[in-house]
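K.L.:
The sequence and its predicted three-dimensional model are supplied below.
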Amino acid sequence: MYSHTTQDIRITVQPYYLDDQSSPSEEHYVWAYHVKIENVGERTVQLLKRHWQITDARGCIQEVRGSGVVGEQPVLEPGESFEYTSGTPLAAPSGVMVGTYEMEADSGERFDVDIPPFSLDSPHQPVQLN
């Protein structure tokens, strides 16, 4: 599990390999990742946008940008959290993901929250540092 807090917003990510959706013989590897976004501060915030950088073991980089997460732009009151699960395919048996969420406080201030880098490792190769 990977966790990081930026400006009172804690992001925790748990990736897991999806063997039933992967086909190593066709160089197709799929992971899901579960994200928990917690407002541990004293102001209300809304998640507006996401930005991911996904790098596979071969150095191929994918950039993903968009509004919200899983079709939502959740509002988090102090003490509230939002959880979702998403996924990503790679053409290599390992990689790393990192990113940011753009948030807006109830004051109108916008700020980025860091998503901690997390490793995507398949059981089809020896574990390596990404």
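P.N.:
Arrived safely.

K.L.:
how about the strand or helix carrying residue 34: buried residues?
P.N.:
Element membership of residue 34, judged by DSSP states H and E, is strand 29-39. Of the residues in strand 29-39, 29-31, 33, 35, 37-39 count as buried by neighbour count, 16 or more other CB atoms under 10 Å. Using the backbone N, CA and C atoms, a C-beta is placed for each residue, glycine as well.

K.L.:
Enumerate every residue touching residue 123.
P.N.:
17, 19 (CB atoms under 8 Å, 6 or more residues apart in numbering).

K.L.:
which residue ranges form the strands in this protein?
P.N.:
If you assign secondary structure with DSSP state E, the strands in the chain sit at 2-6, 9-17, 29-39, 45-56, 61-67, 75-76, 81-90, 94-105, 110-121.

K.L.:
Tell me which of the ones you listed lies nearest to residue 23.
P.N.:
Proximity to residue 23 (CB to CB) singles out strand 29-39 among the strands of the chain, at 8.2 Å.

K.L.:
Against which helices or strands is that closest one packed?
P.N.:
Strand 29-39 sits against strand 9-17, strand 75-76, strand 81-90, strand 94-105, strand 110-121, with contacts defined as 3 or more CB pairs under 8 Å, 6 or more residues apart in numbering; DSSP states H and E.

K.L.:
hmm, try it at 10 Å
P.N.:
strand 2-6, strand 9-17, strand 45-56, strand 75-76, strand 81-90, strand 94-105, strand 110-121 (3 or more CB pairs under 10 Å, 6 or more residues apart in numbering; DSSP states H and E).
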